[in-house]
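Trainee: what's the 3D shape of this:
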Amino acid sequence: MHLAFNGWPLARGGEPEGALHLTDLLERLPALAPQHRYTLLVPSGGPSMSYPGVAVGLVPAGNGEWARLWFEQRRFPRQAASRKADLLYYPYPAAPTASPTPVAAWHGCGEARLLQRR
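Mentor: As a prediction, this is how the structure comes out:
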């Protein structure tokens, strides 16, 4: 299975719980389930990042709320589909109204207590 992760919170901020949750997943999943492929798609112009076992792709995107909406609704789903992802993952409660690929979104717990770093 090929999972594509929405990297907006890591590159642009605005979702601290989502960023923490996403970082935790990207650091742990490749070791826990190495049989799968992982791709982090981040908006271009953000900080460079890498995680072992995770491919990182840049997606053209601007700044601001409209750019975020366009990234979430159009650019991320289309880029993930073009990379043949089997599942899109949003680390915060946002998902496209239509997507060529199935979508999962994390809806948090109000606080990031769930993600205790070990």
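Trainee: residues making contact with the longest strand along the chain?
Mentor: Taking DSSP state E as the criterion, the chain has its longest strand at strand 37-43. Strand 37-43 is touched from outside by 1-8, 10-12, 26, 29-30, 49, 51, 53-61, 67, 71, 76, 79-80, 83, 85, with contacts defined as CB atoms under 8 Å, 6 or more residues apart in numbering. (Glycine included, C-beta is placed from N, CA and C.)
Trainee: so where do the strands sit in the chain?
Mentor: Using DSSP E, the strands found in the chain span residues 2-6, 37-43, 55-59, 87-90, 103-105.
Trainee: hey, which of those strands is tucked in deepest?
Mentor: For the strands of the chain, average neighbour numbers computed from mean count of other CB atoms under 10 Å are highest in strand 2-6, which has a mean of 24.
Trainee: helices or strands up against it?
Mentor: Judged by 3 or more CB pairs under 8 Å, 6 or more residues apart in numbering; DSSP states H and E, the packing partners of strand 2-6 are helix 16-32, strand 37-43, helix 76-82, strand 87-90.
Trainee: Given the second one, what are its sheet partners and their directions?
Mentor: Using DSSP bridges, the neighbouring strands of strand 37-43 in the sheet come out as strand 2-6 (parallel), strand 55-59 (parallel).
Trainee: closest one to residue 92 among those?
Mentor: Closest approach to residue 92 among the strands paired with strand 37-43 (CB to CB): strand 2-6, 8.2 Å.
Trainee: State the mean pLDDT of the closest one.
Mentor: Strand 2-6 shows a mean pLDDT of 96.
Trainee: who touches it?
Mentor: Against strand 2-6 from outside (CB under 8 Å, 6+ apart): 22, 25-26, 29, 36-41, 54, 71-72, 76, 79-80, 83-91, 94, 101.
Trainee: Alright, calling it a day.
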